[in-house]
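Q: Just a sequence and a predicted model for now, questions to come.
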Amino acid sequence: MKLVFYYIYFFLIAAPLLLVITILAALLTIIGSALGGGRIFGYYPGAIWGRLFCILSLVRVTIHGRDKISTGQSYVFIANHQGAYDIFSIYGYLGHNFRGMMKKSLERIPLVGYSCKVSGHIFVDNSSPSAVRATMQAAEQRLAGGMSVVIFPEGSRTLDGRMHAFRRGAFTLAVEFGLPVVPITIDGAYKILRRGSLLPQPGRIKLTIHDPIEAPEGGRHELADLMDKSYKAIASAL
């Protein structure tokens with residue numbers, strides 16, 4: 001019965017408000033980025049949007065460990081991928097300017113896809129080896145400019161709620177640029193809107209920011225150790 005009332009609220013109140021907020025955030029991002037304020041407008045409208053998305057969906061987000069990251073430092077943030085609300089919770093509550101790596105298909109979303117493109121988010125294209133190289137080059141450009149990136153190294157949302165093996169791309173970037181990897185555990189998003197579901201449920205998401213892991217000085221041959229440490233850090237808070 002509680003879910004029935006929730007869905008009535010979501011359709012009549014939350015969904016229309018979120019549509020308006022999404023349009024406004026996208027327009028602010030596009031206009032601000034076009035005027036040369038991409039670093040600011042590429043983050044803050046989206047951060048407000050992400051937080052309001054959680055609040056209006058009746059999703060409570062708590063975050064622990066924000067004191068472990070510094071405002072002026074660039075990081076490669078990596079997180080497990082439980083569901084769609086991973087994006088909203090990290091965007092709204094991380095409190096650190098970043099650009100994300102997202103599926104190429106999201107570029108086709110009206111207005112939102114374009115706002116992500118002009119503000120410097122990175123669309124992942126796995127259609128060919130040359131497309132993969134172009135994706136990595138775009139990520140390198142963001143990092144070279146002093147920006148942080150958020151990457152879900154599992155590649156896609158989990159189907160069963162469990163964390164799966166990580167891909168190497170995020171860790172390769174960290175090693176190449178000598179940047180700390182910051183593992184983030186997302187716990188609770190799977191229950192709210194899992195892959196394949198159309199409607200969210202109210203609930204709680206806990207974000208845990210772990211200690212930064214310095215990129216190994218030995219280079220690529222220590223990549224496996226960096227991946228293992230990051231995986232274990234995220235798993236420890238699930």
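A: Noted; the coordinates are in hand.
Q: Surely Pro212 and Pro180 touch.
A: Yes - using C-beta atoms under 8 Å, Pro212 is in contact with Pro180, at 3.7 Å. Just so you know, the C-beta spots here come from the backbone N, C-alpha and C atoms, and that holds for glycine as well.
Q: Check what pLDDT the spatially closest residue to Leu35 that is not a sequence neighbour gets.
A: Excluding its sequence neighbours, the residue lying closest to Leu35 (C-beta to C-beta, 6 or more residues apart in numbering) is Phe41, at 8.0 Å. Looking at Phe41, its pLDDT reads 92.
Q: Point to the residue nearest the middle of the protein.
A: Ile87 (4.6 Å; C-alpha atoms, centre = their mean).
Q: What separation do you get for the nearest residue to it once chain neighbours are set aside and Ser230?
A: In space, and not counting its chain neighbours, Ile87 is closest to Gly50: 7.0 Å by C-beta to C-beta, 6+ apart. Going from Gly50 to Ser230 by C-beta to C-beta, to the nearest Å gives 23 Å.
Q: who has more neighbours, those two?
A: Between Gly50 and Ser230, Ser230 has the larger neighbour count (other C-beta atoms under 10 Å), namely 24 against 21.
Q: Contact partners for the more buried one?
A: Taking C-beta atoms under 8 Å, 6 or more residues apart in numbering, we find Ser230 in contact with Ile78, Pro153, Phe166, Phe171, Val181, Pro183, Ile213.
Q: Grab the CA positions of the worst-scoring helix or strand of the chain on mean pLDDT and hand them over as CSV.
A: Among the helical and strand segments of the chain, the one scoring lowest on mean pLDDT, DSSP states H and E is helix 129-144, with a mean of 76. Output of helix 129-144 as CSV, limited to C-alpha atoms (Å, rounded to 0.1, in the frame of the first residue of the first chain):
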residue,chain,number,x,y,z
PRO,A,129,39.4,0.0,-31.4
SER,A,130,39.7,3.6,-32.9
ALA,A,131,36.6,4.7,-31.0
VAL,A,132,38.0,3.3,-27.8
ARG,A,133,41.2,5.2,-28.3
ALA,A,134,39.2,8.4,-29.0
THR,A,135,37.3,7.8,-25.7
MET,A,136,40.6,7.4,-23.8
GLN,A,137,42.0,10.5,-25.4
ALA,A,138,39.0,12.6,-24.4
ALA,A,139,39.5,11.4,-20.8
GLU,A,140,43.2,12.2,-20.9
GLN,A,141,42.3,15.8,-22.1
ARG,A,142,40.1,16.3,-19.1
LEU,A,143,42.7,15.0,-16.7
ALA,A,144,45.4,17.1,-18.3
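Q: downstream neighbour of that helix in the secondary structure list?
A: strand 148-151 (DSSP states H and E).
Q: ok, of the contacts of Ser230, which one's closest to Arg99?
A: Ile78 (14.0 Å; C-beta to C-beta).
Q: where does that closest one fall, phi/psi-wise?
A: Torsion angles at Ile78 (phi, psi; degrees, to the nearest 10) stand at phi -130, psi 140.
Q: Surely the residue nearest to Ile87 is in contact with Phe88?
A: Yes - if you go by C-beta under 8 Å, Gly50 and Phe88 touch, sitting 4.4 Å apart.
Q: Show me what the lengthiest helix in the chain is packed up against.
A: Secondary structure assigned by DSSP state H gives helix 15-34 as the longest helix of the chain. Helix 15-34 is packed against helix 38-41, helix 44-56, helix 112-118, with contacts defined by 3 or more C-beta pairs under 8 Å, 6 or more residues apart in numbering; DSSP states H and E.
Q: For these, give me JSON lines that also has distance to Gly161.
A: Formatted as JSON lines, the helices and strands packed on helix 15-34 follow (distance: least, C-beta to C-beta, whole Å):
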{"stretch": "helix 38-41", "distance to Gly161": "35"}
{"stretch": "helix 44-56", "distance to Gly161": "20"}
{"stretch": "helix 112-118", "distance to Gly161": "27"}
